[in-house]
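Engineer: A structural model of the following input is requested.
(one chain, ligands or ions: 2)
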Amino acid sequence: MAMLRHARSGWIEVIAGVMFSGKSEELIRRVRRALIAGRRVQLFKSHLDDRYGGQFRISSHDGRQIDAEPVSNSTEVAEKVHPETQVVAIDEAQFLDDGICEVADALADARMRVIVAGTDMDFRGEPFGPMGLLLARAERIDKLSAICVVCGDPATKNQRLIDGKPAPAEGPTIQVGGAESYEARCRRCHEVPKRDRAQGELVLRRGEEGWEGV
Ligand code: ADP
Ligand code: ZN
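Structural biologist: Ligands and ions are numbered 1, 2, ... in the order given. Sure thing, here's the model as predicted:
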C-alpha cells in the first residue's frame with residue numbers, strides 16, 4: 001500500500017473563475033480534506049491579498065491546522081516548499097509571475113499535488129497574469145461562476161468600479177491600495193469603457209494640429 005502511494009505521480013489542478021465565485025472556499029475544502037487524509041500540506045498566498053488581514057488559516061475538524069505563507073513571487077514558492085511536502089496549495093495565483101508555471105510543473109514532476117486558485121480574467125476580460133498558462137498546463141480545471149449583482153444570472157466577469165462607475169480599460173491590471181471596488185457580473189452587464197471621451201477628443205485635435213509624422 002505504501003509503495004503504491006509512493007508510486008503515484010503528481011499533477012496540477014486549477015480552480016479558476018471570477019471574484020466571489022468561491023475559489024478560496026473550494027481551495028480550503030480541498031486542503032481540509034488533504035489534512036484529513038493525513039497528507040503533508042503547504043499553503044501559499046500572494047502577499048498582495050489582504051482579505052484575511054494577513055492571516056489565512058485552515059483547520060480541519062480533527063484539530064489539524066495550517067497557516068498560509070505569504071509569497072511575492074514564484075521563486076519564493078520554490079524555495080519554501082519542503083521536499084517531503086505532498087500537497088502544495090496556492091491562492092490568488094494571478095498576482096504571481098509566469099515562473100509559477102515552471103515551479104508548479106517541477107513540483108508535480110516531483111510527485112506533489114499542486115492546487116492553484118486564481119482569477120483567470122482581469123477586469124477587462126483578458127487572461128490575468130500566469131493564469132492562462134497555468135490552465136493550459138493543468139491536469140484538472142474547475143472554472144467557477146458567481147452571481148451577477150446586476151441581473152442575477154451566472155457571473156463570469158470582474159467589474160472594476162471607480163467611484164461607482166465602470167473603470168476604463170486603460171487602467172493598470174493590478175491596482176494596489178486603490179479606491180476601486182469590484183463586482184461579479186455576467187457578460188451582458190460587464191462594462192469596460194475603451195477610452196473616455198475627453199481623451200478621444202484630445203487625440204483627434206492633436207491629429208488636426210498636424211501631429212502626423214511626429
Ligand atoms: P473567491 O475566492 O472566488 O473570490 P470566496 O471563496 O472568497 O471567492 O467567496 C465566495 C463567497 O462570496 C460566496 O460563498 C458568497 O457567500 C460570497 N459572495 C459575495 N458576493 C457574491 C456574488 N456576487 N456571487 C456569489 N457569491 C458571492
Ligand atoms: Zn448580468
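
Engineer: ok, Tyr15 - contacts?
Structural biologist: No, residue 15 isn't Tyr; it's Ile. By C-beta atoms under 8 Å, 6 or more residues apart in numbering, the residues touching Ile15 are Lys23, Glu26, Leu27, Arg30, Ile115, Val116, Ala117, Gly118, Asp142, Leu144. All C-beta spots, glycine's among them, are computed from the backbone N, C-alpha and C.

Engineer: Format those as CSV; extra columns: distance to ligand 1, secondary structure and neighbour count.
Structural biologist: As requested, the contacts of Ile15 are exported to CSV (distance: C-beta to the nearest ligand atom, whole Å; DSSP: H, G, I helix; E, B strand; the rest coil; neighbours: other C-beta atoms under 10 Å):
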residue, distance to ligand 1, secondary structure, neighbour count
Lys23, 3, helix, 26
Glu26, 7, helix, 16
Leu27, 8, helix, 24
Arg30, 12, helix, 20
Ile115, 13, strand, 26
Val116, 12, strand, 29
Ala117, 7, strand, 27
Gly118, 9, coil, 25
Asp142, 11, strand, 15
Leu144, 6, strand, 17
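
Engineer: just these now: which is nearest Thr75?
Structural biologist: Here the nearest of these to Thr75, counting by C-beta to C-beta, is Val116; it sits at 16.2 Å.

Engineer: Looks like the closest one contacts Val14 (just checking).
Structural biologist: Yes - counting by C-beta atoms under 8 Å, Val116 sits close enough to Val14 to count as a contact (5.0 Å).

Engineer: Give the residues shared as contacts by those two.
Structural biologist: Leu134, Ala138.
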